[in-house]
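>>> Quick check, what structure comes out for this input:
(one chain, ligands or ions: 1)
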Amino acid sequence: MLIEATSTPPGMGSMVLPGYGAELLNWLNRAPQIATFGAMVADRGAGSVLSVRGQTLVRYNITRADIGKLVVAVEAMGRLLFAAGAVEVLTGLPGAMTVASMPALRDALQRSNPRGLHLAAFHPTGTAAAGADEQLCPVDTTGRLRGVDGVWVADASILPSCPEVNPQVSIMALAQAVADEVVVAR
Ligand SMILES: Cc1cc2nc3c(=O)[nH]c(=O)nc-3n(C[C@H](O)[C@H](O)[C@H](O)COP(=O)(O)OP(=O)(O)OC[C@H]3O[C@@H](n4cnc5c(N)ncnc54)[C@H](O)[C@@H]3O)c2cc1C
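The predicted structure is shown next:
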């Protein structure tokens, strides 16, 4: 688990605030008093993207172990916020949107359905992993898509797995390395 303080401009951070319309605007008006943490989990769940009757269907199955980590992380973030002087903590849990103490947060976590956890995927990686193993890696070690001439992959999809930290610098470094390979190949 990695806990990060994620202070974004209010418009961008509004997705973690509850409600719509007037309720959301009310929270946004209080943005200067809001501090935000996010917890990252290197998840082990799997999903799929299917085309069903012309519609794209995205499915994701979170594992029990990952849910356990997220619950621990939410409690830890609550502890950090209360220790920093928070008078109220937004939980992201549908059953108890805000709590005013650690016992109340623990109670809310115990009562909550893990399916109601507020999840987002900011760092999808590895969907076309690069590597030497032809069976596991659709992309070779230089960035070429196996089996297709002239196609190179130079984005987050070639990371071999979840890096467990913010990935952007690694993605840029890999993209640059693939670009060098393209130049050499020309
Ligand atoms: C809210 C948020 C915050 C983040 N914060 C951090 C952070 O603090 N640190 C960090 O390391 N990472 C962070 N990330 C993750 C990071 O941004 C991504 O991992 C990274 O940008 C992925 O790089 P990429 O080149 O694979 O894809 P992208 O950066 O998504 O680039 C894909 C590009 O392809 C373009 N595109 C899509 N379809 C087409 C098409 N059909 N034709 C032409 N162009 C197309 C898109 O417009 C886009 O410019 C964050 C992500 C999000 C969503």
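
>>> Run through the neighbouring helices and strands of the longest helix anywhere in the chain.
Taking DSSP state H as the assignment, the helix of the chain that covers the most residues is helix 64-83. Based on contacts counted as 3 or more C-beta pairs under 8 Å, 6 or more residues apart in numbering; DSSP states H and E, the elements that helix 64-83 packs against are strand 2-5, strand 37-40, strand 89-90, helix 102-111. Where you see a C-beta, it was placed from the backbone N, CA and C, and this is true even at glycine.

>>> starting at the chain centroid, how far to it?
Between the mean C-alpha point of helix 64-83 and the mean C-alpha point of its chain there is a distance of 15 Å (C-alpha atoms, centre = their mean, to the nearest Å).

>>> That one vs helix 102-111, what angle?
Direction vectors for helix 64-83 and helix 102-111, defined by axes from the mean of the first three to the mean of the last three C-alpha atoms, to 10 degrees, enclose an angle of 160 degrees.

>>> residues of helix 64-83 that come out buried?
Neighbour-count burial for helix 64-83, counted by 16 or more other C-beta atoms under 10 Å, picks out 66-67, 69-71, 73-74, 77-78, 81-82.

>>> same check, this time on stretch 103-110
Counting neighbours by 16+ other C-beta under 10 Å, one finds that the buried residues in stretch 103-110 are 105, 108-109.

>>> What of stretch 12-27?
Neighbour-count burial for stretch 12-27 flags 13, 16-17, 27 (criterion: 16+ other C-beta under 10 Å).

>>> Closest to the ligand out of the residues you listed?
Minimum distance to the ligand across the buried residues of stretch 12-27 is 9.2 Å, recorded for G13 (C-beta to the nearest ligand atom).

>>> Would you mind putting the CA coordinates of the helix or strand where that closest one lies into CSV?
Assigned by DSSP states H and E, G13 belongs to helix 10-13. Once side chains and other backbone atoms are set aside, the C-alpha atoms of helix 10-13 remain, and they are given as CSV (Å, rounded to 0.1, in the frame of the first residue of the first chain):
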residue,chain,number,x,y,z
PRO,A,10,-10.8,21.5,-6.7
GLY,A,11,-12.3,20.8,-10.1
MET,A,12,-10.1,17.8,-10.6
GLY,A,13,-10.4,16.5,-7.1
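
>>> for it, the distance to its chain's centre please.
Distance of helix 10-13 from its chain centroid, counting by C-alpha atoms, centre = their mean, is 16 Å.

>>> Please see if it touches the ligand.
No: between helix 10-13 and the ligand, judged by C-beta under 6 Å from any ligand atom, nothing touches; the nearest distance is 6.8 Å.

>>> now the next helix or strand after that helix: how far from the chain's centre is it?
Using DSSP H and E, the helix or strand that follows helix 10-13 towards the C-terminus is helix 21-29. The offset between the C-alpha centroid of helix 21-29 and the centroid of the whole chain comes to 24 Å, using C-alpha atoms, centre = their mean.
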